[in-house]
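Chemist: 3D model of this:
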Amino acid sequence: QAQLVETGGGLVQAGASLSLSCAASGRTTRAYVMAWFRRAPGQEREFLAAIRRTDGSRYYSDSARGRFTISKDNARPTLYLQMDNLRPEDTAVYYCAATGAVSINFTPKQQSEYTYWGQGTQVTVSS
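Modeler: Here you go, the predicted model:
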């Protein structure tokens with residue numbers, strides 16, 4: 001059974017760091033690309049970062065680049081998101097996602113590219 005389980009969310013103060021984990025099982029362990037998204041209150045779900053399993057290539061959104069780092073341990077297998085210098089506007093539910101079949105013109109930031117999703121973990125940043 002394909003499953004993604006996120007952990008590591010919580011309440012932190014602005015400027016703090018937080019590391020999220022996403023444990024993969026079943027088919028998701030062989031996903032071509034895994035990614036992190038988030039949904040802030042009242043907003044659409046937003047792409048943050050993605051990583052390709054085969055060569056570790058990384059993709060970042062403008063909002064994540066420089067403060068967030070995506071990584072993956074294929075042996076576990078677990079996806080990580082290291083978040084530094086957190087801001088109140090980073091408050092959101094954070095989701096990990098994994099691809100199933102990959103389209104020819106694969107676009108990492110497109111939600112429709114991902115077949116499997118975790119249940120999300122809440123991150124709250126206080127000012």
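
Chemist: if I've got this straight, residue 89 is in a strand?
Modeler: No. According to DSSP: H, G, I helix; E, B strand; the rest coil, residue 89 belongs to no strand; its state is helix.

Chemist: give me every residue that touches the nearest residue to it once chain neighbours are set aside.
Modeler: Nearest residue to residue 89, sequence neighbours excluded (CB to CB, 6 or more residues apart in numbering): residue 40, at 7.4 Å. Bear in mind the C-beta positions are built from the backbone N, C-alpha and C, glycine included. Residues in contact with residue 40 (CB atoms under 8 Å, 6 or more residues apart in numbering) are 46, 89, 91, 92.

Chemist: contacting residues around the first one?
Modeler: What it means is residue 46. Contacts of residue 46 by CB under 8 Å, 6+ apart are 37, 38, 39, 40, 61, 63, 92.

Chemist: which element is it on?
Modeler: Following DSSP states H and E, one finds residue 46 within strand 45-52.

Chemist: starting at the chain centroid, how far to that strand?
Modeler: 6 Å (CA atoms, centre = their mean, to the nearest Å).

Chemist: before we move on, what about stretch 52-70?
Modeler: That offset, for stretch 52-70, works out to 9 Å (CA atoms, centre = their mean).

Chemist: before we move on, the earlier item: pull the most distant pair out of the contacts of residue 40.
Modeler: By the measure CB to CB, 46 and 91 form the most distant pair in the contacts of residue 40, at 12.4 Å.

Chemist: if we can go back for a sec, next structured bit after the strand holding residue 46?
Modeler: strand 58-60.

Chemist: roughly how far apart are the spatially most central residue of the chain and residue 84?
Modeler: By CA atoms, centre = their mean, the chain has its centre lying nearest to residue 36, at 1.6 Å. Applying CB to CB, to the nearest Å, the value for residue 36 to residue 84 is 14 Å.

Chemist: okay, now the residue found closest to residue 126 once you drop the neighbours it is linked to in the chain: neighbour count?
Modeler: Leaving out its chain neighbours, the residue that sits closest to residue 126 by CB to CB, 6+ apart is residue 13, at 5.4 Å. By other CB atoms under 10 Å, 10 other residues sit near residue 13.
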